[in-house]
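Visitor: sequence and predicted structure are below.
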Amino acid sequence: MPAGARKLASADVVSIADLRRLARKRVPKVVFDYIDGGADGEVTLRENRRVFDDVIFRPRHAVAVASCDLRTRVLGSELSLPVLLAPVGYLRMMNPEGEVAAARAAGTAGTIFTLSTVSGHRLEEVKAASVGPVWYQLYLMGGREATRGAIQRARAAGFTALVVTIDTPIAGMRERDFRNGMKELLGADYPARAPFIGQLLVRPGWLAAFLLDGGLPKLPNIVIPGQGSMQLKEVPNVMARQAFSWGDLSWIRQDWDGPIVVKGVLTGDDARRAVDEGAVAVIVSNHGGRQLDCVSATLRALPEVVAAVKGRAEVLMDSGIRRGADVVKAICLGAGAVLCGRAFAYGLAAAGEAGVTRALEILRADLERTMKLLGCSSLSALDRSYVDVPWLSG
């Protein structure tokens, strides 16, 4: 069994909420709250989930559905289900195998893993671990030359798409992280009175795996010429100095000749601009409620973006996905597929690769069951007629 992995009994883990509960028991509070928390008052974090409750299904009864076709195509790749793994930073903090374990689980499940710039594993190692497509998510950290170096390495390693995140000019104020001492943990600054010390000691299994793994590594995919790999503690300040602007897509396109996906779109205006600048797909995302608080839930923003794009690019959505029914609702409102972040991160923190695999199994089973109960046999048949959406009525 891989380092840091845990056995899972499927009877005890029937929902993503169960994985969340297990993750909370296994990792220190500072790590769990990093996964679980949002910005400021966490209004958007809560709304991302609550908005799904407003969408009511309109099933076709007395329809026998022997099997459901969950396959879909995203940027030319055929996937076994319409659920991709979103970029999540610091995965190695949740489990020593981190991004490698998540990529391996995604590939085995027949879907895409998206590697965050803020990764503790080399992008070549992560790509080699997956039998499926792997995308690389891009922050402009370390300067243009460091970014170009990462793009060139991703292209050489066989990454199939570049995901440019546009909603992070600075890091959001995540109050749980501030109170728990996340800044000190990422800086490997361990004074005796640091708020997280006691949290680590009451999770001896996690702490042993963390220390055997060498603690938090530098960021091996952000290599600054003349300085080497960036340290984790430098990320917030560097991010603020090197925020993305639309003009950056011109030089990014010069170094990357594959598909570009723009992530962090919440309005029709930004969606149109992204497509005009060369994006072949957009991700309707509010960063899981971790950046600007009190913005629209992504499910609510999705129809505006779909209408604005007018079929010129693929539209994906993330934030708030916990059940297969959530996936169905997003597809009914125009998403080609969804990405999940917290859902698989809870699994990784709870049980390593086995936890990520279980998260995808849960979502797949939920999705198939929901479609059979709706009387729908394939993803391609899902549309607005299967849902009642209060904010779109009239």
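Guide: That came in fine, so what should we check first?
Visitor: burial measure for the nearest residue to Q199 once chain neighbours are set aside, as a count.
Guide: Using Cβ to Cβ, 6 or more residues apart in numbering and skipping the chain neighbours, the partner closest in space to Q199 is P28 (3.9 Å). From N, CA and C alone the C-beta is placed, and that goes for glycine too. Applying other Cβ atoms under 10 Å, we find 22 other residues in the vicinity of P28.
Visitor: distance of P28 from L8?
Guide: According to Cβ to Cβ, to the nearest Å, P28 and L8 sit 21 Å apart.
Visitor: also P220?
Guide: Counting by Cβ to Cβ, the gap from P220 to L8 is 30 Å.
Visitor: same check, this time on A208
Guide: Counting by Cβ to Cβ - A208 and L8 are separated by 20 Å.
Visitor: quick one: least confident helix or strand in the chain?
Guide: Ranked by mean pLDDT, DSSP states H and E, the weakest helix or strand in the chain is helix 235-241, scoring a mean of 71.
Visitor: export only the CA atoms of the helix or strand just after it, formatted as PDB.
Guide: Elements were assigned by DSSP states H and E; along the chain past helix 235-241, the next helix or strand is helix 248-255. C-alpha atoms of helix 248-255 as PDB (Å, rounded to 0.1, in the frame of the first residue of the first chain):
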ATOM      1  CA  ASP A 248      -0.400  37.600 -21.200                       C
ATOM      2  CA  LEU A 249      -2.300  35.200 -23.300                       C
ATOM      3  CA  SER A 250      -0.500  36.400 -26.400                       C
ATOM      4  CA  TRP A 251       3.000  35.300 -25.200                       C
ATOM      5  CA  ILE A 252       1.500  32.200 -23.500                       C
ATOM      6  CA  ARG A 253       0.200  31.100 -26.900                       C
ATOM      7  CA  GLN A 254       3.600  31.500 -28.400                       C
ATOM      8  CA  ASP A 255       5.000  28.900 -26.000                       C
END
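Visitor: downstream neighbour of helix 248-255 in the secondary structure list?
Guide: Scanning forward in sequence from helix 248-255 by DSSP H and E, the next helix or strand is strand 260-265.
Visitor: isn't I362 up against V13?
Guide: Yes - counting by Cβ atoms under 8 Å, V13 is a contact partner of I362 at 7.5 Å.
Visitor: who touches both of those two?
Guide: Common neighbours of I362 and V13 are listed as L19 (criterion: Cβ atoms under 8 Å, 6 or more residues apart in numbering).
Visitor: give me the most central residue, this structure.
Guide: Residue closest to the mean C-alpha point of the chain, counted by Cα atoms, centre = their mean, is A86 at 2.2 Å.
Visitor: list the contacts of it.
Guide: Residues near A86 by Cβ under 8 Å, 6+ apart: 114, 318, 339-341.
Visitor: wouldn't M93 be in contact with H121 here?
Guide: No - using Cβ under 8 Å, M93 is not in contact with H121; the gap is 11.9 Å.
Visitor: ok, those two, which is more surrounded?
Guide: Comparing M93 with H121 by neighbour count (other Cβ under 10 Å), the higher total belongs to M93, at 26 against 23.
Visitor: pLDDT score assigned to the more buried one?
Guide: Looking at M93, its pLDDT is 92.
Visitor: check the gap between it and K25 for me.
Guide: M93 sits 16 Å away from K25, going by Cβ to Cβ.
Visitor: can you tell me how far A171 is from A330?
Guide: Relative to A330, and taking Cβ to Cβ, A171 is found at 27 Å.
Visitor: the more surrounded of these two?
Guide: For A171 and A330, the more surrounded residue by other Cβ under 10 Å is A330, and the numbers stand at 27 against 16.
Visitor: show the contacting residues for E175.
Guide: Counting by Cβ under 8 Å, 6+ apart, E175 touches 37, 40.
Visitor: and V284, its phi and psi?
Guide: With angles defined as degrees, to the nearest 10, V284 sits at phi -70, psi 110.
Visitor: how many other residues sit next to the residue nearest to it when sequence neighbours are not counted?
Guide: The shortest distance from V284 to any non-neighbouring residue, by Cβ to Cβ, 6+ apart, is to M317 (4.4 Å). Burial of M317 is recorded as 29 neighbouring residues (other Cβ under 10 Å).
Visitor: report the distance from the host helix or strand of M317 to the chain centre.
Guide: Secondary structure from DSSP H and E places M317 in strand 314-318. How far strand 314-318 lies from its chain's middle: 12 Å, per Cα atoms, centre = their mean, to the nearest Å.
Visitor: counting by contacts, list what the helix or strand just after that strand packs against.
Guide: Counting by DSSP H and E, the element after strand 314-318 in chain order, helix or strand, is helix 324-332. On a contact count with 3 or more Cβ pairs under 8 Å, 6 or more residues apart in numbering; DSSP states H and E, helix 324-332 meets helix 43-54, helix 298-309, strand 337-340, helix 353-374.
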